[in-house]
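Q: build me a model from this:
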Amino acid sequence: MSRAFCLLLAGALLWIPSAGSAAGGGPIEADPAPGVPVAPAEPGTGSETCGVAMAGRVQAYYDDVRDLSASFQQTTQSVAFGASAGEGQRASGRVEFAKPGKMRWRYTEPEPSEVVSDGSTLWVYDPAAKEVQILEVGEAFLSAAAIQFLLGSGRILETYSVTATDCDATPVHLVLSPLQPATYQRLELDVDPTRGVITRTLVVDVLGNRTEVIFEDLKINLALEPGRFVFQVPDGVRELRIDTP
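A: Numbers count the residues shown, from 1 in each chain. The predicted model follows:
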């Protein structure tokens with residue numbers, strides 16, 4: 001298994017897709033989720049007060065997102081591989097996501113690979129090695145994900161301590177620190193304050209590894225078929241079943 005593939009896998013398992021934007025750009029223009037009130041930001045409030053308000057707005061928006069599809073750009077900075085600030089493994093591709101717990105990451109760069117889950121089984125496909133790893137997953141897997149609320153599991157304010165920097169800014173930057181022991185130190189989100197749409201995501205794990213994911217061409221509530229989240233093993237590909245605790 002190559003270094004690049006290992007880094008891609010680590011990024012996919014930490015990040016559950018969210019709405020985003022091109023680097024340095026504004027929020028992705030997507031149709032507002034039905035039934036979500038749109039209210040202006042409250043300038044001048046304290047970091048915790050603003051953070052709680054913005055977190056509630058994000059939760060309200062994504063509660064009504066049943067599925068999404070987007071192209072993505074991912075940057076993973078690994079301490080183990082000696083990546084310094086401004087460097088890292090870059091990747092791109094297309095992702096589909098549906099509640100509860102379904103996702104399909106299709107990497108095209110730097111090498112083809114896929115990470116697929118139907119909410120109970122996870123497939124990790126490495127075409128270069130002609131190998132697919134298969135794990136049985138469930139609620140424990142979902143609850144360990146950095147953005148599990150997008151999978152329909154967990155609530156932001158019940159899971160994180162949330163603070164914000166500069167509520168007068170657009171986007172508002174949120175720092176989410178897990179209230180219970182987790183595999184990551186913190187989650188950072190840039191949020192469009194008028195709608196609650198996430199425009200940038202960054203996770204920092206307990207070892208200091210950093211994974212940033214930026215999304216473009218976001219489409220929501222497409223009624224994606226469940227079969228899209230079941231991986232069909234190609235002929236000639238070795239299947240490795242991995243036991244999970």
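
Q: only C-alpha atoms from now on, for both contacts and neighbour counts.
A: Will do.

Q: chain center to stretch 237-245, what's the gap?
A: 24 Å (CA atoms, centre = their mean, to the nearest Å).

Q: give me the residues contacting it.
A: 130-137 (CA atoms under 8 Å, 6 or more residues apart in numbering).

Q: report the separation between P178 and D205.
A: Using CA to CA, to the nearest Å, P178 is found at 11 Å from D205.

Q: shared neighbours, these two?
A: Shared contacts of P178 and D205, counting by CA under 8 Å, 6+ apart, come down to 185-186.

Q: quickly list what K102 is bridged to.
A: With beta bridges defined as DSSP bridges, K102 has these partners: A98.

Q: so it touches T121, yeah?
A: No - contact criterion CA atoms under 8 Å: K102 and T121 do not qualify, at 9.5 Å.

Q: which of the two has more neighbours?
A: The neighbour count for K102 versus T121, taken as other CA atoms under 10 Å, is higher for K102 (24 against 17).

Q: OK, contacts around the closest residue to I220 other than its chain neighbours?
A: With CA to CA, 6 or more residues apart in numbering as the criterion, I220 has its nearest non-adjacent residue at 4.3 Å, and that residue is L68. Residues counted as contacts of L68 (CA under 8 Å, 6+ apart) are 96-98, 218-222.

Q: now L202
A: By CA under 8 Å, 6+ apart, the neighbours of L202 are 187-189, 210-213.

Q: quick one: which of these is nearest to T76?
A: Ranked by distance to T76 (CA to CA), the contacts of L202 are led by T211 at 4.4 Å.

Q: tell me which helix or strand in this protein has the weakest average pLDDT.
A: Within the chain, confidence by mean pLDDT, DSSP states H and E is lowest for helix 3-14 among all helices and strands, at a mean of 53.

Q: tell me the average confidence for the very next helix or strand once past that helix?
A: Proceeding N to C from helix 3-14, the next assigned helix or strand is helix 47-63, under DSSP states H and E. Mean pLDDT, computed over helix 47-63, is 88.

Q: what are the buried residues along helix 47-63?
A: 47, 49-55, 57-63 (16 or more other CA atoms under 10 Å).

Q: what segments of this protein are helices?
A: 3-14, 47-63, 139-144, 156-159 (DSSP state H).

Q: for the residue nearest to V95 when sequence neighbours are not counted, give me its contacts.
A: In this structure, V95 finds its nearest non-sequential neighbour in W105, 4.5 Å apart by CA to CA, 6+ apart. Counting by CA under 8 Å, 6+ apart, W105 makes contact with 12, 93-96, 114-116.

Q: identify the farthest-apart pair in those.
A: The widest separation within those (CA to CA) is 13.5 Å, between G93 and V116.

Q: where in the chain is pLDDT low?
A: 1-46, 81-87, 138-153, 244-245 (pLDDT under 70).

Q: that older thread, now do the residue nearest to I220 against Y62, distance only.
A: Applying CA to CA to L68 and Y62 gives a distance of 10 Å.

Q: same check, this time on D192
A: Distance from D192 to Y62, by CA to CA: 13 Å.

Q: same question, R186
A: Distance from R186 to Y62, counting by CA to CA: 20 Å.

Q: and if you look at G119?
A: To Y62, G119 is 18 Å away according to CA to CA.

Q: got it, and F215?
A: From F215 across to Y62, the span is 15 Å (CA to CA).

Q: and E212, by the same measure?
A: E212 is 20 Å from Y62, by CA to CA.

Q: same check, this time on P234
A: For P234 relative to Y62 (CA to CA), the value is 34 Å.

Q: just T211 next, same as before
A: From T211 to Y62 the distance is 21 Å (CA to CA).

Q: with that, I have no additional questions.
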